[in-house]
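Q: I'll drop the sequence and a predicted model, then ask my questions.
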Amino acid sequence: MTNLLFTSPGRIAIYGWHRLNGAPIQPLSTVHGACYADYSHGIRLVSETVTVDGQSRSAYDVLQDPVLSRALSDEGPIPNLRGLIAGAAQETCERP
């Protein structure tokens, strides 16, 4: 998830591997359409629940919080995260 998707509707966010020094090989990008796929794509399952100071919290709420979002993203808060995800889920992709 990235705030860039608010200004890039119909796109997918891709972030690549890292070199040993921590530099990304492929920086965050939204150049590809939402239906783009290639040989390197996989899936990462992420829990909707995170633990903050010993308390269970919604990852959605944490990502929208101005302070707590820094634990999960270096972009700052992502407002209306559920709306962003819902919009992406509506994309339909034609497959041969």
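A: Alright, I've got the coordinates.
Q: Quick check: which helices or strands does the helix or strand where Gly83 lies pack against?
A: Here Gly83 is covered by helix 81-89, with elements defined by DSSP states H and E. Using 3 or more CB pairs under 8 Å, 6 or more residues apart in numbering; DSSP states H and E, the elements in contact with helix 81-89 are helix 4-7, helix 59-64. C-beta coordinates here come from the backbone N, C-alpha and C atoms, glycine included.
Q: Which of those helices comes out lowest on mean pLDDT?
A: Ranked by mean pLDDT, the helices and strands packed on helix 81-89 bottom out at helix 4-7, which scores a mean of 88.
Q: pull the CA atoms of it into PDB?
A: Once non-C-alpha atoms are left out, helix 4-7 reads as follows in PDB (Å, rounded to 0.1, in the frame of the first residue of the first chain):
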ATOM      1  CA  LEU A   4       1.000   7.100  -4.600                       C
ATOM      2  CA  LEU A   5      -2.000   4.900  -5.600                       C
ATOM      3  CA  PHE A   6      -4.400   7.800  -4.800                       C
ATOM      4  CA  THR A   7      -2.800   9.800  -7.600                       C
END
